[in-house]
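**Q** Below: sequence and its predicted model.
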Amino acid sequence: MSSANLIGRGGFKNAHPGWLTLASHIPTTGLGSIPHQKVIVKRPFIKIYPPSGPSAGTYKVGHYTVANKLSKQFKEANVLYWVNLPLDPTYAFVNCCVAAFSNPPPFEIPCLHFIHARLALSFLPGQMIVTKPGAKPCSVHAVFLLEELIPGGQDAFMKFIHNMDCDPLLDPSEDGYNTALFLAFTQHIQYEKTGGLAYISDYQGV
């Protein structure tokens, strides 16, 4: 992949357009459920600054070793898998409250979900690497994180709640404020339901 088809670059990862077709074990929903499905392909990078240091404001994009990349991508994919656990009981609580009343609430309840994501490994016969100390060598050539394509693109993407502040980032007059308010509410439910152990922060999307 080159920078020519780069969709976006964050602080740690590049995002490229991609397509996914599974040859076997095809799920009924989510990633891979349809052939040639459009996805976002992400991979981490390293910022290489000039000798003058980060103050220069410019850097070159470097790449991790396959072993380091596999470790980092696996951790992120694992987070995207487990993050649904606090969200599911939140909606169960909401649905229970709604069912307890004969009249529906006088507002719309957002129906949200986290993006579907999968870890994709490319294997190269004959090339063996050790992914971590003590592990057996394997022929992994490249590692990518595949994510569900968010409709609307970057123009529709927004950040609802910062990871350092529990208040919505949007003003009441802005589009998406009601969603941000609902997400702030979910944090309270998650905190209570987990006994103060966890809640989801840094909500962003569409």
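**A** Right, received. Where do you want to start? Numbers count the residues shown, from 1 in each chain.

**Q** make it CA atoms for all contacts and neighbour counts henceforth
**A** Fine.

**Q** Excluding chain neighbours, what is closest to Pro35?
**A** Thr21 (4.7 Å; Cα to Cα, 6 or more residues apart in numbering).

**Q** could you point out where this structure is predicted with low confidence?
**A** 1-4, 53-57, 125-138, 153-154 (pLDDT under 70).

**Q** most remote residue from it's center?
**A** Ser102 (37.2 Å; Cα atoms, centre = their mean).

**Q** how near is that residue to Val94?
**A** Ser102 sits at a distance of 14 Å from Val94 (criterion: Cα to Cα, to the nearest Å).

**Q** Check Tyr49 too.
**A** From Tyr49 to Val94 the distance is 48 Å (Cα to Cα).

**Q** quick one: which of these two has more around it?
**A** Taking other Cα atoms under 10 Å, Tyr49 and Val94 do not tie; Tyr49 has more neighbours (16 against 13).

**Q** isn't that one right up against Tyr59?
**A** Yes - look at Tyr49 against Tyr59 with Cα atoms under 8 Å: they come within range, at 4.5 Å.

**Q** Mutual contacts of these two, please.
**A** With Cα atoms under 8 Å, 6 or more residues apart in numbering applied, the contact sets of Tyr49 and Tyr59 do not overlap.

**Q** What count of nearby residues applies to Pro104?
**A** 10.

**Q** I should have written Leu70 there, sorry.
**A** Count around Leu70 with other Cα under 10 Å applied: 23.

**Q** and the gap between it and Leu6?
**A** Counting by Cα to Cα, the gap from Leu70 to Leu6 is 21 Å.

**Q** And stretch 79-99, what's buried?
**A** Using 16 or more other Cα atoms under 10 Å as the burial criterion, the residues of stretch 79-99 that qualify are 80, 86-87, 89-91.

**Q** er, stretch 8-27 actually
**A** For stretch 8-27, by 16+ other Cα under 10 Å, it's 14-18, 20.

**Q** One more: stretch 144-160?
**A** 144-149, 160.

**Q** Identify each of the strands in the protein and give its residue range.
**A** For the chain, strands defined by DSSP state E occupy the ranges 8-9, 13-20, 37-44, 46-48, 60-62, 117-123, 140-148, 158-159, 204-205.

**Q** ok, the fifth one: who's next to it in the sheet?
**A** For strand 60-62, sheet partners with direction are given as strand 46-48 (antiparallel), following DSSP bridges.

**Q** Residues in contact with the strand it pairs with: which ones?
**A** The list of residues contacting strand 46-48 from outside it, by Cα under 8 Å, 6+ apart, reads 12, 59-64.

**Q** repeat that with 10 Å
**A** 11-13, 54, 58-64 (Cα atoms under 10 Å, 6 or more residues apart in numbering).

**Q** Look up how far Lys159 lies from Gly32.
**A** 27 Å.
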